[in-house]
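Enquirer: Below are the sequence and a predicted model for it; my questions follow.
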Amino acid sequence: MARRITIFGATGSIGENTVDLLTRQGGAAEYDVVALSGGRNVARLAEQARALQADLAVTAHEECYDDLKAALAGSGVEAAAGPQALAEAADRPSDWIMSAIVGAAGLVPGMRALRHGTTLALANKESLVTAGPLLLATAAQHGARILPVDSEHSAIFQALVGEEIEAVERIVITASGGAFRDWPIEALKNATPEQASSHPNWAMGQRITVDSASMFNKALELIETKEYFGIDPDRIEAVVHPESLIHALVGFRDGAIMAHVGPPDMRHAIGYALNWPDRRDLPVARLDLVQIGQLNFRPACEARWPALRLAREVMQAGGLTGAAFNAAKEAALDAFLARQIGFTQMAEVVEAVLDRLSGDSLLTKSPESLEKVLETDHLARQAAADIVRGLER
Ligand SMILES: NC(=O)C1=CN([C@@H]2O[C@H](COP(=O)(O)OP(=O)(O)OC[C@H]3O[C@@H](n4cnc5c(N)ncnc54)[C@H](OP(=O)(O)O)[C@@H]3O)[C@@H](O)[C@H]2O)C=CC1
Ligand SMILES: CC(=O)[C@@H](O)[C@H](O)COP(=O)(O)O
Ligand SMILES: [Mn+2]
């Protein structure tokens, strides 16, 4: 039987790279594509669904249904729309599901998929940040597997093959430093969305690119590391590495360090998860070490990037703090993109939300159910909107 594949977020940067690899590895002749999802780009979603002969294409937005249906006319691909349809797509039996919706919206489809014991290739880092213990418990309960796709976490995963987690002394994830790595710190407050939306090394969606510039991406990834690998936060660090060629390093108790090195091309991490536990040829550039010549590292300064300090506080606090942190970050990012607040105010908003919500014991509770996580997410967004209004005045 052909391998059954579903891609959530097929029209995005990770989704497109996944479609590219599937196509190169035989496409519809090799795989049984169960469902593809997208958001507003229904024309591209329909194109992908036709090319891969998917059974179902789902747009997250109800109002996009008619356009999707029209774009799929005569193709034999079923159309559906809305969050409920997304969740139902996750109930359709699949062997491998890519979770590449951006933001907390990726949590529900991923959780639903895990309940069916599938293999979840997880690019959506927000799932682990908001509901790590719940996600891992659900996977364990249903015999499902989560394969990390975020480049740093794929790198750590690969460095750990054949190793015991008890042998790990520390984990170092690298950060490019983002668009403003070399800017004077005083200039950051005037940075615009356009300037923040350009990454020095990686081609990615806009939201993660801006998160890279503010280091909120690295903050999410520190938490993701703690949640996925179960490592004590004191043993996890970030270091600025402007070339983005080393993705992560694992230090072992005997002093050895295993570093994962490769070009900044997500098709490596996606292809590794797609073909795991095998390795297949992948269309990524091969590094010429002599041409590269040298690799550079700098400290990840918490005064310049307060998101990193906040990540430490979130990891120490645990419970539902990750859900509040992520939601506040998403709301602050929306406000920055809408020019309601400045670049450096994003961290101020997130910190103010955490301060406000940690006033009662809400955040210390464990994310024991999806409902609790979604409720915390909602409260944090409300608090962030209120704080943004205060800053605008
Ligand atoms: N891009 C990268 O290289 C990396 C990304 N990641 C993570 O992977 C995830 C995806 O990132 P990326 O591909 O860059 O993001 P993009 O913005 O490029 O793509 C996001 C995808 O999600 C869809 N989408 C947007 N909003 C919603 C919503 N509310 N509900 C359902 N679907 C929605 C988009 O649809 P449409 O475009 O049709 O509107 C698109 O298919 C993120 O969690 C990111 O942090 C991790 C490591 C690297
Ligand atoms: C490709 C990937 O995994 C991104 O998350 C990447 O890490 C972003 O680059 P930064 O190191 O600039 O955050
Ligand atoms: Mn990453």
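Expert: Received it, and whenever you're ready, just let me know what you need. Numbering: from 1, shown residues only. Ligands and ions are numbered 1, 2, ... in the order given.
Enquirer: Which residue ranges of the stretch 201-350 of the chain form helices?
Expert: 206-214, 216-229, 267-275, 289-292, 306-317, 321-337, 345-357 (DSSP state H, counting those that start in this stretch).
Enquirer: whoops, the stretch 1-150 of the chain was the one
Expert: 13-24, 42-51, 65-71, 83-91, 107-114, 125-142.
Enquirer: Leaving out the residues flanking it, which one is nearest to the residue of the stretch 151-300 of the chain found nearest ligand 1?
Expert: Nearest residue of the stretch 151-300 of the chain to ligand 1 (C-beta to the nearest ligand atom) works out as Gly205 at 2.6 Å. Backbone N, C-alpha and C define where each C-beta goes, glycine included. In this structure, Gly205 finds its nearest non-sequential neighbour in Ser13, 4.7 Å apart by C-beta to C-beta, 6 or more residues apart in numbering.
Enquirer: re earlier: tell me which of the helices of the stretch 1-150 of the chain is the most buried.
Expert: helix 107-114 (a mean of 26; mean count of other C-beta atoms under 10 Å).
Enquirer: hang on, the earlier thing: export the helices of the stretch 201-350 of the chain as CSV, with columns for mean pLDDT, mean neighbour count and distance to Ala49.
Expert: Output for the helices of the stretch 201-350 of the chain, formatted as CSV (pLDDT from 0 to 100; neighbours: other C-beta atoms under 10 Å; distance: least, C-beta to C-beta, whole Å):
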stretch, mean pLDDT, mean neighbour count, distance to Ala49
helix 206-214, 98, 23, 24
helix 216-229, 98, 25, 30
helix 267-275, 98, 23, 19
helix 289-292, 98, 8, 40
helix 306-317, 98, 20, 37
helix 321-337, 98, 26, 28
helix 345-357, 98, 21, 36
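Enquirer: sorry, back to before: next up, phi/psi of the residue of the stretch 151-300 of the chain closest to ligand 1, please.
Expert: With angles defined as degrees, to the nearest 10, Gly205 sits at phi -60, psi 160.
Enquirer: hang on, the earlier thing: out of the helices of the stretch 1-150 of the chain, the one nearest ligand 2 is which?
Expert: Short answer: helix 125-142, nearest of these by C-beta to the nearest ligand atom, at 7.6 Å.
Enquirer: tell me what that closest one is packed against?
Expert: Where contact means 3 or more C-beta pairs under 8 Å, 6 or more residues apart in numbering; DSSP states H and E, helix 125-142 is packed against helix 107-114, strand 145-148, helix 216-229, helix 321-337, helix 370-392.
Enquirer: Out of those, the one nearest Asp278 is which?
Expert: strand 145-148 (12.7 Å; C-beta to C-beta).
Enquirer: circling back to that earlier point, out of the helices of the stretch 1-150 of the chain, which comes closest to ligand 1?
Expert: Nearest of the helices of the stretch 1-150 of the chain (C-beta to the nearest ligand atom): helix 13-24, 3.6 Å.
Enquirer: could you give the mean pLDDT of the closest one?
Expert: The pLDDT scores in helix 13-24 average 98.
Enquirer: that older thread, just checking, the residue nearest to Gly205 touches Met266?
Expert: Yes - using C-beta atoms under 8 Å, Ser13 makes contact with Met266 at a distance of 7.4 Å.
Enquirer: Just put the helices and strands packed on helix 125-142 in JSON lines and tack on distance to ligand 2.
Expert: Converted to JSON lines, the helices and strands packed on helix 125-142 look like this (distance: least, C-beta to the nearest ligand atom, whole Å):
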{"stretch": "helix 107-114", "distance to ligand 2": "17"}
{"stretch": "strand 145-148", "distance to ligand 2": "10"}
{"stretch": "helix 216-229", "distance to ligand 2": "4"}
{"stretch": "helix 321-337", "distance to ligand 2": "13"}
{"stretch": "helix 370-392", "distance to ligand 2": "21"}
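Enquirer: what about Arg3, how many residues close to it?
Expert: 14 (other C-beta atoms under 10 Å).
Enquirer: Next up, the contacts around the nearest residue to it once chain neighbours are set aside.
Expert: Using C-beta to C-beta, 6+ apart and skipping the chain neighbours, the partner closest in space to Arg3 is Asp95 (5.1 Å). Taking C-beta atoms under 8 Å, 6 or more residues apart in numbering, we find Asp95 in contact with Arg3, Arg4, Ile5, Thr118, Thr119.
Enquirer: Ok, Phe216 next?
Expert: Ala307, Lys329, Leu333, Met346, Ala347, Val350.
Enquirer: Leaving aside the residues adjacent along the chain, what's closest to the fourth one?
Expert: Going back to what we said before, that points to Met346. Going by C-beta to C-beta, 6+ apart, Met346 has Ala332 as its nearest residue, at 4.1 Å.
Enquirer: Go ahead and confirm the one you found touches Thr344.
Expert: No - Ala332 is not in contact with Thr344 according to C-beta under 8 Å; the separation is 10.7 Å.
Enquirer: Next up, the contacts around the nearest residue to Ile7 once chain neighbours are set aside.
Expert: If the residues on either side of it in the chain are set aside, Ile7 comes closest to Met98, at 4.4 Å by C-beta to C-beta, 6+ apart. Under the criterion of C-beta under 8 Å, 6+ apart, the contact list for Met98 reads 5-10, 14-15, 18, 121, 123, 149, 270.
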